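In: For reference, the sequence and a predicted model appear below.
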Amino acid sequence: MAHAQHMTSEIRECIQNCLDCFSICLETGYHCLTVGGKHTEAKHIALLETCARICETSAAFMLSGSEFHHRTCGVCAEVCRACAESCSSLADGDETMRRCADLCLRCAESCRRMSAGRH
């Protein structure tokens, strides 16, 4: 656990944001399937799944101390921003969609900062 002792607060925050986004994207995917209609469009469901997986991967790279985490975080930021836009477009009166969009944006910003530097 020597790596954990050298983890900055910014890395810890980014890991938590990735894990939160991973969780909400999976939750939202199920929510969309129960709501139906535009919520179940293949592109939207696939984006939720892609976002969940890149968030999980980025968190794992940071947790393991991978020297490549800044690269996964760069992709994660891009995917999270796209997922946030997709969820926002369906958020009218839907708290789950709004929460997903908010957490995706938080993760996107955190990962963007992580990818910009060599933390």
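Out: Done, it's in. What you see is a predicted model, and the numbers here were worked out from it, not measured in a lab.
In: This protein: helices as residue ranges?
Out: In the chain, the segments counted as helices under DSSP state H are 2-5, 9-35, 42-63, 69-88, 95-116.
In: and those as JSON lines, adding mean neighbour count?
Out: C-beta coordinates here come from the backbone N, C-alpha and C atoms, glycine included. Formatted as JSON lines, the helices of the chain follow (neighbours: other C-beta atoms under 10 Å):
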{"stretch": "helix 2-5", "mean neighbour count": "8"}
{"stretch": "helix 9-35", "mean neighbour count": "19"}
{"stretch": "helix 42-63", "mean neighbour count": "20"}
{"stretch": "helix 69-88", "mean neighbour count": "22"}
{"stretch": "helix 95-116", "mean neighbour count": "21"}
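In: Spatially central, which residue of the protein would that be?
Out: residue 21 (3.9 Å; C-alpha atoms, centre = their mean).
In: For the closest residue to it other than its chain neighbours, give me its contacts.
Out: Nearest in space to residue 21, with sequence neighbours left out and distances taken as C-beta to C-beta, 6 or more residues apart in numbering, is residue 107 at 3.9 Å. When contacts are counted by C-beta atoms under 8 Å, 6 or more residues apart in numbering, residue 107 touches 14, 17-18, 20-21, 55, 76-77, 80.
In: Of those residues, which is the nearest to residue 44?
Out: residue 80 (14.4 Å; C-beta to C-beta).
In: Retrieve the pLDDT associated with the nearest residue to the closest one once chain neighbours are set aside.
Out: Closest residue in space to residue 80, ignoring its immediate chain neighbours: residue 108 at 3.8 Å, by C-beta to C-beta, 6+ apart. pLDDT for residue 108: 98.
In: I'd assumed residue 85 was in contact with residue 108.
Out: No: here residue 108 lies out of contact with residue 85, judged by C-beta atoms under 8 Å, at a distance of 10.1 Å.
In: circling back to that earlier point, next one: the residue nearest to residue 80 relative to residue 29, how far apart?
Out: As judged by C-beta to C-beta, to the nearest Å, residue 108 and residue 29 stand 18 Å apart.
In: before we move on, back to that, need the contact list for the residue nearest to the centre of the chain.
Out: Taking C-beta under 8 Å, 6+ apart as the test, what residue 21 contacts is 51-52, 55, 80, 103-104, 106-107.
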